[in-house]
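Participant: below is the sequence, then the predicted model.
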Amino acid sequence: MTTDPISDMLARIRNAILANHARTEMPLSKIKARIAEILKDEGFIDDFSVQNEGHGTLTIILKYGRDRESAIVGLRRRSRPGRREYVSHGELPKVMSGMGVSIISTSRGLLTSKQAEQARIGGELLCEVW
C-alpha cells in the first residue's frame with residue numbers, strides 16, 4: 001500500500017508515457033477515477049475504464065498524436081501528505097499560460113482551476129498537468 005496514491009497514479013502515467021505504452025493500470029479509488037475523468041474531459045487521455053467497483057482496477061488509455069508524441073507533456077504533484085498546499089479562488093495558478101490544467105480538491109469535489117475560478121471557491125491544489 002502506498003502512502004500517497006495520487007503520486008503513485010501520476011508516476012504510473014508518467015512511466016507509461018516514457019515507455020510508449022498504450023495503457024496503464026492501477027488500483028482503483030474514487031479520487032483516482034475522478035482525476036481520470038478530468039483528464040479525459042480536458043483531452044489529455046483517450047479513455048479510462050473501471051473494473052470491479054469494490055477493490056478493482058482503473059485502466060487509463062493514453063492519448064498519442066503524430067510521431068507517438070503524448071498528449072501529456074508533464075505531470076506535477078503539488079500538495080503532498082507532508083506538505084499540504086491550499087489556494088483561494090483569487091490565487092489559482094495558470095499552468096503553462098492556460099495550456100495545462102490544475103486539479104483542485106474543493107468542498108464541491110474535484111474541479112479544474114477554471115471550474116473553481118468560475119465557482120469562486122478554493123481548495124487543496126492536488127496536481128498540475130500540461
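Facilitator: Thanks, I have it. Numbers count the residues shown, from 1 in each chain.
Participant: and Arg34, that's in a strand?
Facilitator: No: using DSSP: H, G, I helix; E, B strand; the rest coil, the assignment for Arg34 is helix, not a strand.
Participant: which element is the closest residue to it other than its chain neighbours on?
Facilitator: Excluding the flanking residues, the one nearest Arg34 by Cβ to Cβ, 6 or more residues apart in numbering is Leu110, at 4.6 Å. For every residue, glycine as well, the C-beta is placed using N, CA and C. Assigned by DSSP states H and E, Leu110 falls within strand 109-112.
Participant: now the helix or strand that comes right after that strand: buried residues?
Facilitator: Remark: after strand 109-112, the chain's next helix or strand is helix 113-119, criterion DSSP H and E. Neighbour counts over helix 113-119 (16 or more other Cβ atoms under 10 Å) mark 113, 115-117 as buried.
Participant: redo these as JSON lines? Include distance to Gly98 and pLDDT.
Facilitator: Shown next, in JSON lines, are these (distance: Cβ to Cβ, whole Å; pLDDT from 0 to 100):
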{"residue": "Ser113", "distance to Gly98": "9", "pLDDT": "94"}
{"residue": "Gln115", "distance to Gly98": "14", "pLDDT": "96"}
{"residue": "Ala116", "distance to Gly98": "14", "pLDDT": "96"}
{"residue": "Glu117", "distance to Gly98": "11", "pLDDT": "94"}
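Participant: can you list the residues you listed in TSV and add distance to Lys30?
Facilitator: TSV is the format used below for the buried residues of helix 113-119 (distance: Cβ to Cβ, whole Å):
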residue	distance to Lys30
Ser113	21
Gln115	18
Ala116	19
Glu117	24
